[in-house]
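Student: how would this look folded up:
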Amino acid sequence: MFNEAMRKSIDDLLCVPQEALKDKLSLALEDIRIYGIGRLLGEYPDFLARLLNKLRQMNAASLFSQAPEVAKQLTDLFWEGVGSRANQSPDMKSVLEKAERFLHVNIEASDSPFKSHFIVEMGKITGASGLLHFKDEDFRFMGPTEVLIDLLTGDLPLGFSNLRLQTAGHSGWVSRVSPVMREVAKLLKGALNNT
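Tutor: Take a look at the predicted model:
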């Protein structure tokens, strides 16, 4: 059963006026870390998508620039949540198991300290804040914070015709990375497919 105090905390966070979000977000993310992001997403599957949408509506780049620790907290929780939900999604499991090679992908904002990476290895996806060393990356997404949030939530089409999103890496990697990004976006919206 969903802890009532956590439910109230989540509802308050998602309803707080934008100007107050900066002051509340760090503490709320720490409470979520202690509660367990996997547990929270089991009870509130679309929480991360709703939070990212709220951040997109305000000036997320400004918030992260003023509070870099919030960007780190958020990206660490984000990838932990994706990893925990990936095991419960048949479609995501299928995409991860079909990956012909390991994937090492960096995601870097040009206007804030919003930076993270994810790795697909042996049928699993893991990720965290910060970037992998450039020698270890296969592919990189770069752009303004808002554009990267659009990418993560599935609201930005992938492709070289998209001038809002920059990429680095061999073009052949797009066909490997795109299915993973599509499944990440589905997980964020609470979809577990056949469950």
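
Student: report the central residue of the chain.
Tutor: Centroid-nearest residue in the chain, with Cα atoms, centre = their mean: Phe78, separated by 4.6 Å.

Student: which element is it on?
Tutor: If you go by DSSP states H and E, Phe78 is part of helix 68-86.

Student: what lies in contact with that helix?
Tutor: 22, 25-26, 29-30, 32-33, 37-38, 40-41, 45, 48, 51, 63-64, 92-93, 96, 112-116, 118, 124-130, 152, 183-184, 187-188, 192 (Cβ atoms under 8 Å, 6 or more residues apart in numbering). Where you see a C-beta, it was placed from the backbone N, CA and C, and this is true even at glycine.

Student: before we move on, what about stretch 100-108?
Tutor: 114-122, 131-132, 134, 136-142, 148, 151-152, 173, 176-177, 180.

Student: are any of those residues buried, and which?
Tutor: Buried members of the contacts of stretch 100-108, counted by 16 or more other Cβ atoms under 10 Å: 114-120, 132, 137-142, 148, 151-152, 173, 176-177, 180.

Student: now go through the residues you listed and say which are in strands.
Tutor: Secondary structure assignment by DSSP state E places Lys115, Ser116, His117, Phe118, Ile119, Val120, Phe139, Arg140, Phe141, Met142 of the buried ones among the contacts of stretch 100-108 in strands.

Student: wait, what's in contact with the fifth one?
Tutor: By that I understand Ile119. The contact partners of Ile119, by Cβ under 8 Å, 6+ apart, come to Phe102, Leu103, His104, Val105, Ile125, Thr126, Gly127, Leu132.

Student: now a PyMOL select for only the buried ones of those residues.
Tutor: In PyMOL, this line selects whichever of those come out buried by 16+ other Cβ under 10 Å:
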select buried, resi 103+104+105+125+127+132
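
Student: this structure: strands as residue ranges?
Tutor: Going by DSSP E, the chain shows strands at 103-109, 115-121, 124-129, 139-143, 166-168.

Student: count of residues packed around the closest residue to Leu25 other than its chain neighbours?
Tutor: Counting by Cβ to Cβ, 6 or more residues apart in numbering, Val70 is the residue found nearest to Leu25 once chain neighbours are left out, at 5.3 Å. Look at Val70: counted by other Cβ atoms under 10 Å, it has 21 neighbours.

Student: returning to that earlier point: if I look at the residue nearest to the centre of the chain, how far off is Glu97?
Tutor: According to Cβ to Cβ, to the nearest Å, Phe78 stands 22 Å off from Glu97.

Student: which one of the contacts of Ile119 is nearest to Ala168?
Tutor: Val105 (10.4 Å; Cβ to Cβ).
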